[in-house]
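Asker: My questions are about this predicted structure, shown below with the sequence.
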Amino acid sequence: MIAVAAAAAFLATFNETFLNVAFTPIMQDFGVNVSTVQWLTTGYLLVAAVFVPVANVLYHRFPTRPLFVAVVAIMVLGSVVGALAPSFEVLLIARLLQAIGTGLLTPIGMNITLAVSPREKLGLNMGIMAAMTTLGPSLAIVLSGAILTVAPWTTLMWVFGGLTLAVLLAGAIVLRNVTELGRPVLDILSFILVAVGLVGILYGVSSAFEGSALYAGVAGVVGLLAMWLFILRQRRIENPLLDLRPFSSAPFVFGVLMTMLGLVFVFAMNVVIPLFLQGALEMPPLGASLTLAPGILLTVGMGPIAGRLFDRHGGRWSIPLGFLVMAIFVTLVGVAAGQGSVWIFGLLYVPAVLATAFVVGPSQTFALANLGRETSPHGVTVVSTSFQIAGCVGTSLATGIYGAVIASNIESGSSEGDSLLAGFHGSVALVVATSLLGILLAFLAYRSVQSRRAKENEQAPADTVQSIMKSDVYALSSDASVLDALQTFAERGISGAPVLNADGTLAGFLSDGDVLRYLSATHPSSTSIYSYAIGAADDLEQAMSDLANLNVLRLATHDVVTLDAGASVSDAVAALSDARLKKVPVVKGDSRPIGIVSRSAINRLAIATYLRSRSEADVRTPA
């Protein structure tokens, strides 16, 4: 079932960029301009965004297998209609049909993964899903470029139709119902309001670059009004289409915005670079695709690395550094575009797109990690919707600026080549500006976390565990290996750490004692890891190899002794002494660790209290 869900995630994102390289021949066949053809991507992402919240209602109302088959069937239908489209309008309708499938399929696949994954494999399976969603648009650009060198663009629709049909058959055979069904109600008015709002705002953005200032303004105002009414309605109805409670968390909002800015960069460059290379440098579609491919494909491998760095060190510096690298190297790409060297152009783009791995995934994790258990599912819906909105905004702004600058330069008498270069520079300026804004948001995000923690500490009564706990806790991901955990212990100078699920809840606690007991049992030639370090090199290598392939949850204590955030210091003393523990995690009501109370903290408190009482006694005692 995981394989089917991963294939669905791959197809959903694959189709988002599959037609990007075909924009030039589509414009020639139907006689449309850049601002019009970009709606094949913008409209697609927009409709997908509208249908993401709907998926949650359908998922809990209909059995998994027939729902999955019906959704994928819509995508097959859209592919057939698109392949046979006699006009641009029909082609756009076909893309919107595919988009309905994408908007529903992405969260359904994610929910299937969450439902069938055992706790110890949740991180791994979610990592597979993330890799597929990253690989989809990357491989789409390369494959579509290769196909267009030997076949017309309509072949792309037939190819995608065949792929979706294969996934449909696999789902019909493999899937079973994995959720408890109910009768959730879809609020039609909310659906209409969010659809009108998003369409109005993004149509206004797109039309603004075509010289239609009046239409753009009216569409934008109507869109904003509809979104305002949508927000008001979500706050008043019992079953909102989109629960807005996650927005009460400032770190979550900053995390979503940073994620969107990273995605704006990706979508903007994915659509503008092929247009520029084919138009200005007269490269074939395959050549334009291969120019993008190395950096995008390397990003797939960089994603897990960036995620592990985030798990160990947080994103305080890696996220703003990622935005900075994006800004610097895309600026250099803009400079190289005027030099005519495709090799330099492509090489400079590699670090720019690699840096997005340090922004998009970590920012998403940062956002969701700052939500409680009750609001976390709604946060996932918000993040999924923001993905599609970011794609719409990035595509609309980039192509709008690109087309508007080209038209302005041609009207002023510039050559076509110079005009195309100026248009590309305009799009580059857009993503540089969004990257610089991302740096600012990253620092504000972590400042908001510090402010919240300080406020919580101030509000914590003096006799509760919050007054003595260590809030800057190093945690282990549930998909980490035991060797990863030991490296974290060594780097941070700690002897144990909580293990967290993908949603930030407590999965277990791993200590160096757990590891030593395992080594003693599996490697009887020694009773502790120190014996390996003294000279048994072969045993050490074998032991470390075993630990590298062992998930932390295999050794971690699952029945973890915890303290509620409101527990007293006396409760902490009792918990530590009764269970003979060195440290105990402090959790909120949603089972998310917010700190650690250790025996040393209790000792420091006792000594400080004693010395303070002695000092006060000395002051009261007359000389």
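Answerer: Received the coordinates, thanks.
Asker: May I have the residues that are in contact with Thr366?
Answerer: Quick fix: residue 366 is Phe, not Thr. Pro251, Phe254, Gly255, Met258, Phe310, Gly315, Ile319, Ala445 (CB atoms under 8 Å, 6 or more residues apart in numbering). For the C-beta atoms, the positions are set from N, CA and C on the backbone; glycine is no exception.
Asker: where do the helices sit along the stretch 451-600 of the chain?
Answerer: Remark: helices assigned in the stretch 451-600 of the chain by DSSP state H, counting those that start in this stretch are 482-492, 512-522, 529-534, 537-548, 552-555, 569-578, 599-620.
Asker: Comparing these by mean pLDDT, which bottoms out?
Answerer: In terms of mean pLDDT, the lowest-scoring of the helices of the stretch 451-600 of the chain is helix 529-534 (a mean of 49).
Asker: hey, C-alpha coordinates of stretch 5-21 in CSV?
Answerer: The C-alpha coordinates for stretch 5-21 follow below in CSV (Å, rounded to 0.1, in the frame of the first residue of the first chain):
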residue,chain,number,x,y,z
ALA,A,5,0.6,5.8,-2.1
ALA,A,6,4.1,6.8,-3.1
ALA,A,7,3.3,6.3,-6.8
ALA,A,8,0.3,8.5,-6.4
ALA,A,9,2.4,11.2,-4.8
PHE,A,10,4.9,10.9,-7.6
LEU,A,11,2.2,11.3,-10.3
ALA,A,12,0.5,14.2,-8.6
THR,A,13,3.7,16.3,-8.6
PHE,A,14,5.0,14.8,-11.8
ASN,A,15,2.1,16.3,-13.7
GLU,A,16,2.6,19.8,-12.2
THR,A,17,5.6,20.5,-14.4
PHE,A,18,5.2,17.9,-17.2
LEU,A,19,3.9,20.4,-19.7
ASN,A,20,6.3,23.3,-18.8
VAL,A,21,8.8,22.4,-21.5
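Asker: so how far is Gly145 from the residue nearest to Pro246 when sequence neighbours are not counted?
Answerer: Counting by CB to CB, 6 or more residues apart in numbering, Pro246 lies nearest to Gly379, which is 4.3 Å off, once chain neighbours are set aside. Counting by CB to CB, to the nearest Å, the gap from Gly379 to Gly145 is 36 Å.
Asker: Would you mind confirming that Leu309 is in contact with Ile319?
Answerer: No. Using CB atoms under 8 Å as the test, Leu309 is too far from Ile319 to be in contact (10.5 Å).
Asker: Identify the contacts common to the two.
Answerer: Common neighbours of Leu309 and Ile319 (CB under 8 Å, 6+ apart) are Phe358.
Asker: So which of these two has more stuff around it?
Answerer: Higher neighbour count among Leu309 and Ile319: Ile319, with 28 against 16, using other CB atoms under 10 Å.
Asker: following the helix or strand that contains the more buried one, which helix or strand comes up?
Answerer: In this assignment (DSSP states H and E), Ile319 forms part of helix 318-337. Per DSSP H and E, the first helix or strand lying C-terminal to helix 318-337 is helix 342-354.
Asker: Which elements pack onto that next one?
Answerer: helix 250-280, helix 285-313, helix 318-337 (3 or more CB pairs under 8 Å, 6 or more residues apart in numbering; DSSP states H and E).
Asker: outside of it, which residues touch it?
Answerer: 266, 269, 273, 277, 281, 283, 287, 291-292, 294-296, 298-299, 302, 325-326, 329-330, 332-333, 336-337, 339.
Asker: and those residues, which are buried?
Answerer: 266, 269, 273, 277, 281, 283, 287, 291-292, 294-296, 298-299, 302, 325-326, 329-330, 332-333, 336-337 (16 or more other CB atoms under 10 Å).
Asker: so how far is Gly262 from the closest residue to Val205 other than its chain neighbours?
Answerer: Among residues not flanking Val205 along the chain, Ser396 sits closest, at 4.8 Å (CB to CB, 6+ apart). According to CB to CB, Ser396 and Gly262 sit 17 Å apart.
Asker: Now do the helix holding Ile319, average pLDDT.
Answerer: Mean per-residue pLDDT for helix 318-337: 91.
Asker: one step back: compare the mean pLDDT across the helices and strands packed on helix 342-354 and name the weakest.
Answerer: helix 285-313 (a mean of 74).
Asker: That one - contacts with which helices or strands?
Answerer: Helices and strands touching helix 285-313, by 3+ CB pairs under 8 Å, 6+ apart, are helix 122-148, helix 250-280, helix 318-337, helix 342-354, helix 360-369, strand 476-477, helix 482-492.
Asker: repeat that for 7 Å
Answerer: Packing partners of helix 285-313 (3 or more CB pairs under 7 Å, 6 or more residues apart in numbering; DSSP states H and E): helix 122-148, helix 250-280, helix 342-354, helix 360-369.
Asker: what helices or strands is the second one leaning on?
Answerer: The reference is to helix 250-280. Applying 3+ CB pairs under 7 Å, 6+ apart, we find helix 250-280 packed against helix 23-30, helix 285-313, helix 318-337, helix 360-369, helix 376-411, helix 416-459.
Asker: got these as a markdown table, with distance to Ala12 columns?
Answerer: Below are the helices and strands packed on helix 250-280 laid out as a markdown table (distance: least, CB to CB, whole Å):
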| stretch | distance to Ala12 |
| --- | --- |
| helix 23-30 | 20 |
| helix 285-313 | 16 |
| helix 318-337 | 25 |
| helix 360-369 | 16 |
| helix 376-411 | 10 |
| helix 416-459 | 24 |
